[in-house]
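> Sequence plus predicted model, see below.
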Amino acid sequence: MIEIKDIYKTFGDNDVLKGISATFQTGKNNLIIGGSGSGKTTLLKCIVGLHEPTKGQVFFEEENFTDMDFTQRVPIRTQIGMLFQNSALFDSMTVEQNIMFPLNLFTKQSAAEKLDRANFCLERVNLKDKNKLFPSELSGGMKKRVGIARAIAMQPKYLFVDEPNSGLDPKTSIVIDDLINDITNEYQMTTVVVTHDMNSVMGIGDHIIFLHQGQKWWEGSNKDIAHTYNKELNDFVFASKFMQAAKEKL
Ligand SMILES: Nc1ncnc2c1ncn2[C@@H]1O[C@H](COP(=O)(O)OP(=O)(O)OP(=O)(O)O)[C@@H](O)[C@H]1O
């Protein structure tokens, strides 16, 4: 479980996050949604420590991550898997080397153990036998899957994903969403996904927070979303005629 309490983030005179509190439960897909510039990625970065909040605190289980120094944070950091936009794979490394990268960095496992783990993760994302390919030889969807394999290599308790579907076709997006959903359930991870993909919201949104102008404007599940009267959320989710028509059938 992750708890964020009254998170503020200011860049210069730009107040991006204005007092956001939320609880992200274990074994759930927690989605952060909102319009462009509403502060989603900034919030994600504040949670994992890539940004320091201007004010407020982040707790992993009962532990106050915000108040820890770099060394104190290491045990929690090693339990965090991340998949950020464009997959961030190392182009000069093979698929296998990419997945083994965190294992090389953070564990004392033998080469054979690391390879075993890489193979297990590759199989889990349906990329068995792609070990020796380089990222340039992969499709966008395959890169995302390698990114997920690398993110779960350390058997993380927490998974953070920023825009998993960007640049993917709708069918491949669903494959990625299903994968995130399945591994979250299987490994009982606390997963936090930033997305503006409505298929993801409706498909895997166990728990959703909607940001508007740097504030938590609405909170609920994908089942609640069709029945909310929150104007800004409705304008955001049901912006297209297609979504409006779908809503009327719900
Ligand atoms: N490192 C930074 N320095 C200064 N301003 C920043 C920085 N990172 C983000 N911002 C500002 O914070 C605001 C929110 O950006 P953020 O990327 O969090 O939004 P977002 O909701 O994720 O948007 P999008 O959906 O377009 O990716 C923007 O005004 C952006 O310019």
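Thanks, I have the structure now.
> For the protein, which residues are neighbours of the ligand?
11, 14, 16, 34, 36-42, 196 (Cβ under 6 Å from any ligand atom). Yep, even glycine has a C-beta here, placed from its N, CA and C like the rest.
> out of those residues, who's nearest Glu113?
Nearest to Glu113 among those, counting by Cβ to Cβ, is Thr41 at 34.4 Å.
> who touches the closest one in this structure?
Residues in contact with Thr41 (Cβ atoms under 8 Å, 6 or more residues apart in numbering) are 162, 194.
> distance of it from Gln155?
25 Å (Cβ to Cβ, to the nearest Å).
> coming back round to it: give the buried subset of the residues of the chain next to the ligand as a PyMOL selection command.
Buried residues within those, by 16 or more other Cβ atoms under 10 Å, are selected in PyMOL with:
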select buried, resi 16+34+38+39+40+41+42+196
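> buried stuff in the lengthiest helix in the chain?
Longest helix in the chain by number of residues (criterion: DSSP state H): helix 170-186. For helix 170-186, the buried set under the neighbour-count rule, 16+ other Cβ under 10 Å, comprises 172-177, 179-181, 183-184.
> ok, for Ile76, nearest residue in space, not its chain neighbours?
Of all residues not flanking Ile76 in the chain, Phe60 sits nearest, at 5.1 Å (Cβ to Cβ, 6 or more residues apart in numbering).
> Can you tell me the closest non-neighbouring residue to Gly56?
Ile7 (3.8 Å).
> ok, so what distance separates the one you found from the ligand?
Separation of Ile7 from the ligand (Cβ to the nearest ligand atom, to the nearest Å) stands at 12 Å.
> which SS state does the residue at minimal distance from the centre of the chain fall under?
Central residue of the chain (Cα atoms, centre = their mean): Val161, 1.9 Å from the mean position. When classified by DSSP: H, G, I helix; E, B strand; the rest coil, Val161 comes out as strand.
> hang on, the earlier thing: looking at the residues of the chain next to the ligand, which is nearest Thr94?
Closest to Thr94, out of all of the residues of the chain next to the ligand and judged by Cβ to Cβ, is Thr41, at 28.9 Å.
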